[in-house]
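Q: below: sequence and its predicted model.
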Amino acid sequence: MDLINNLSIGFTAAFTLQNLIYCFVGCLLGTLIGVLPGIGPVATIAMLLPATYALPPVAALIMLAGIYYGSQYGGSTTAILVNLPGESSSVVTVIDGHQMAKQGRAGPALAAAGLGSFFAGCVGTLILAAFAPPLTELAFKFGPAEYFSLMILGLIGAVVLASGSLLKAIAMIVLGLLIGLVGTDVNSGVARFSFDIPELTDGIGFIVIAMGVFGYGEIIANLSRPEEERQVFTAEVHGLWPTKDDFKNMLPAVLRGTALGSSLGILPGGGALLSAFAAYTLEKKMKLKPGEIAFGKGNIRGVAGPEAANNAGAQTSFIPLLTLGIPPNPVMALMVGAMTIHNIQPGPQVMTSNPELFWGLIASMWIGNAMLIVLNLPLIGIWIKLLSIPYRWLFPAIVLFCAIGVYSTNNNVFDIWMVAIFGVVGYTFIKLGCEPAPLLLGLILGPMMEENLRRALLLSRGDWSVFVTRPISAGLLGAAVLLLVIVLLPSVKSKREEAFVED
Amino acid sequence: MKIKSQKDFFAGLMFTLVGIAFAWGATTYNVGNGARMGPGYFPMMLGIVLAILGLVVIFSALTIETVDGDPIGKIAWKPLGFIIGANLIFGVLLGGVVAWGLPAMGLIAAIYALVLIAGLAGEQYSFKASLILATILAVGSYLAFVVALKLQFQVWPTFISG
């Protein structure tokens, strides 16, 4: 049994006291910041990344993974209690979760979210462990042409499944790819677009861009809106445990959500957000049992399904990253950045060259999920207190952590000037209605794409047809075109717009 | 011709201009050909693609009807200025600026300046509250980043620590 063998390597790597502590700290910090409305997982990870520089690679990745789940989890607490999604994937949790809180059933809603996520996390981890080795085998058969086509498919998938204008999203990817090319060209040693600034020859750091665009840009946009009345249901949380009926309703929803989330998470661009949306739609389509509360009025299935799905999706979206080295969404793009900082080049070779790291990370996902449930349900009182902190106290602290974070990446003040520029750029994007997430993906993939394109064309002596004559590559490109065509079909197009509009 | 979506029009304009800038910049490097790509090849290609995408966005902004003209809306100069300003002053105080003969004032001074200035970006401002917050954050950051995580910071001004 390879699976058990591999998992045991992982658990021995992850189950050291030190790693358990880092996992715990990661979950705690992630939840702490994820609970705060308006700060999503991307900003949270970017902000906390510097805290992991000093750690050994395994510990650092375990802690980052903990931060990721924590922020994911914290987001749903905010959604249920304050009617504000802490991050985009809990947008649908708001609908029924907050209604439940209003009826004094915040406890069961939180428990449903927690238990659903935990179950989905366990399944997601197993799937990840089972599917990673065969996919890695496949990845070794890939040549540069296949990698290039795979990246095209990944990028197209990421925008097709995301919300907003398709055209602008593609343009943002290309912009990200271009920004990623700034710096020294690895082949010729020419410093491109560096304007003779020595710091720019190393390229523009993704942390600088993530913090500027996702941190500062968002803060400025938030501050320009009048501070909304936040109703926190503090007094109403008593009795966490769902009733027997709740459990009966929850269970199938959790199972469906998990199945949906795990399969959608593997797709490029899938991940947590899409899974949650899809699961909610599915639950809504299911017939209501007699006497069951309608959706939108506080149905527990509307909480359990999407929450299970988003956690399963968050889990399985690690698969493309760990096996192919290709980040399927911005959070994973940040993880790539974190790995490179620790001198690990993500890709199929990680599993053979660093088995402790690879399986340790997978084992820590399960540990992280278990910790979250232990952490979240008893500590709910503390999270509620955090929620009542007004924004005017929070944002100076966020600005500070961003500034300290970028500075400590290189201990260079230059990064602070850069983050200021990207703060302005990020605000411009928000004002012009350009979703910044695709930009981050392009940024990470830019140099990889160029390198693979260069190699592919070098091998084919400049013949572009290599991308369509090699079967795997042609298949991947075909899938990308198919995705685009499907999305542009009038009937799907209107459905897609409908799906992303709040109701 | 009337602009039907202000947001899209300016977004398209931005993409086009940036695309042209990158493509034009790429011509200063060796472009080469497909089989032997120079450093300018890929940026040139992407720059052209971005410029074309930008033009399509502009075109759609001029032709597709929107309900309210999709206005960009007011620019929030106040938060923009104070947040970015606070960040810049943090950098100046933390690292000093050699060209202006400014010595580094260290982390603690920089934190106070950042929090006090960033606070101005909000709607309600109380100097006392900001001062309390700055103190909490200064002590907290010192303990977390300098003592616990051992990140390299100059904590106190140069003329004190030497």
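A: Sure, I can see it. Nothing here was measured: the structure is a model prediction, and the numbers come from that model.
Q: which element is residue 116 on?
A: Picked chain A for this. Here A:Gly116 sits within helix A:106-140, counting by DSSP states H and E.
Q: please refer instead to chain B.
A: Element membership of B:Leu116 [criterion: DSSP H and E] is helix B:106-119.
Q: which residues of chain B score low on pLDDT?
A: Within chain B, the ranges that satisfy pLDDT under 70 run B:1, B:161-162.
Q: what's the burial count for the residue nearest to A:Met371 when sequence neighbours are not counted?
A: Using CB to CB, 6 or more residues apart in numbering or on different chains and skipping residues adjacent in sequence, the residue nearest A:Met371 is A:Cys27, 4.9 Å away. Every residue, glycine included, has its C-beta placed from N, CA and C. By other CB atoms under 10 Å in any protein chain shown, 30 other residues sit near A:Cys27.
Q: quick one: contacts for A:Cys27?
A: The contact partners of A:Cys27, by CB atoms under 8 Å, 6 or more residues apart in numbering or on different chains, come to A:66-67, A:69-70, A:73, A:368, A:371-372, A:375.
Q: secondary structure element for it?
A: Using DSSP H and E, A:Cys27 sits within helix A:17-35.
Q: pull out the buried positions in that helix.
A: Buried residues in helix A:17-35, counting neighbours by 16 or more other CB atoms under 10 Å in any protein chain shown, are found at A:19, A:22-35.
Q: which strands and helices sit next to whatever helix or strand comes next after that helix?
A: Moving toward the C-terminus from helix A:17-35, the next helix or strand (DSSP H and E) is helix A:41-48. Using 3 or more CB pairs under 8 Å, 6 or more residues apart in numbering or on different chains; DSSP states H and E, the elements in contact with helix A:41-48 are helix A:17-35, helix A:57-82, helix A:330-341, helix A:391-410.
Q: helices along chain B, start to end?
A: B:6-26, B:41-63, B:77-95, B:106-119, B:127-141, B:158-161 (DSSP state H).
Q: export the fourth one as PDB, just CAs?
A: Output in PDB follows, covering the C-alpha atoms of helix B:106-119 (Å, rounded to 0.1, in the frame of the first residue of the first chain):
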ATOM      1  CA  GLY B 106      14.300  53.400  13.100                       C
ATOM      2  CA  LEU B 107      11.300  51.100  13.400                       C
ATOM      3  CA  ILE B 108       9.600  52.600  16.500                       C
ATOM      4  CA  ALA B 109       9.500  56.200  15.100                       C
ATOM      5  CA  ALA B 110       8.400  54.900  11.700                       C
ATOM      6  CA  ILE B 111       5.500  52.900  13.200                       C
ATOM      7  CA  TYR B 112       4.200  56.000  15.100                       C
ATOM      8  CA  ALA B 113       4.400  58.100  12.000                       C
ATOM      9  CA  LEU B 114       2.600  55.500   9.800                       C
ATOM     10  CA  VAL B 115      -0.200  54.900  12.200                       C
ATOM     11  CA  LEU B 116      -0.800  58.600  13.000                       C
ATOM     12  CA  ILE B 117      -0.800  59.500   9.300                       C
ATOM     13  CA  ALA B 118      -2.800  56.500   8.000                       C
ATOM     14  CA  GLY B 119      -5.500  57.200  10.600                       C
END
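Q: is any residue of that helix near chain A?
A: Yes. Applying CB under 8 Å from any CB of the partner chain, one finds helix B:106-119 touching chain A at B:111, B:114-115, B:118-119.
Q: cool, thanks, signing off.
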